[in-house]
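Peer 1: Sequence and computational prediction follow.
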Amino acid sequence: MAGTNGKQKTARSMMLSLGVTLLAGGVMYLFIPHEDGEPDLRPVDYRVELLTARRAAPYPVAAPEGLPGGWKATSVRYQGVENDTWHLGFHTPDGQYVQIKQSTEKPSRFIDETTDGAHATKATEEIDGRTWTRYTGGRYDALVLPAGGAADAKEAAGAGARGATTVVAGTGSFAPLKQMAAALELG
């Protein structure tokens, strides 16, 4: 009978330990603050990076001018070593994400990587004299302006010998993508 009493004490001790652990976890849960809403995204000032990219890139670097209130720049980078790639990301007023990317990389690879697998459709958008192709089916839908898709000969000459593919991609509908593409200024 001595063995049974020892097993009962061990089981009781385990249950008490489990109860104390659950109680401690519940108390910690109550006192640790929780955020139920969207995280507060801090805007980035991309002016310095934009000026640097415009001096370094062998193509006219695109950035928006005159976006309405509520658009918040959240990420920016220029990688001259890696195919002269420019990236500028935004959080839209309705909580979606839109990015502008440009690169001299092989267009098919660049578009696939930027959109996470979207494919060209037969639909195009005529925005400010430029013909953008719609891409769908990947993580992001996108509007793509191929290298040499400049609005006029002067702009094309400014692109130099190496043009860049421009992609406006995002998580929302095509409306914010078109809004971003319309706001782009090539400098």
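Peer 2: That came through fine. Numbers count the residues shown, from 1 in each chain.
Peer 1: who does the helix or strand that contains Ile100 pair up with?
Peer 2: Using DSSP states H and E, the element containing Ile100 is strand 97-103. The strands beside strand 97-103 in its sheet (DSSP bridges) come out as strand 85-91 (antiparallel), strand 165-170 (antiparallel).
Peer 1: List the contacts of the first one.
Peer 2: The contact list for strand 85-91, computed with CB atoms under 8 Å, 6 or more residues apart in numbering, reads 41, 46, 50, 53, 57, 61-64, 67, 71-79, 97-103, 105, 164, 180. Any C-beta I mention is one placed from the backbone N, CA and C, and that applies to glycine too.
Peer 1: Could you point out which of the strands paired with strand 97-103 sits nearest Thr21?
Peer 2: strand 85-91 (40.0 Å; CB to CB).
Peer 1: rewinding a little: just how off-centre is the strand holding Ile100 within its chain?
Peer 2: Centroid separation between strand 97-103 and its chain, computed with CA atoms, centre = their mean, to the nearest Å, is 7 Å.
Peer 1: can you list contacts of that strand?
Peer 2: By CB under 8 Å, 6+ apart, strand 97-103 touches 57, 59, 61-64, 74-75, 83-92, 110, 114, 140, 164-172, 176-177, 180, 184.
Peer 1: try stretch 137-145
Peer 2: Residues outside stretch 137-145 that contact it (CB under 8 Å, 6+ apart) are 99, 111-112, 114-120, 125, 127, 130-136, 165-171, 173-174, 177-178, 181.
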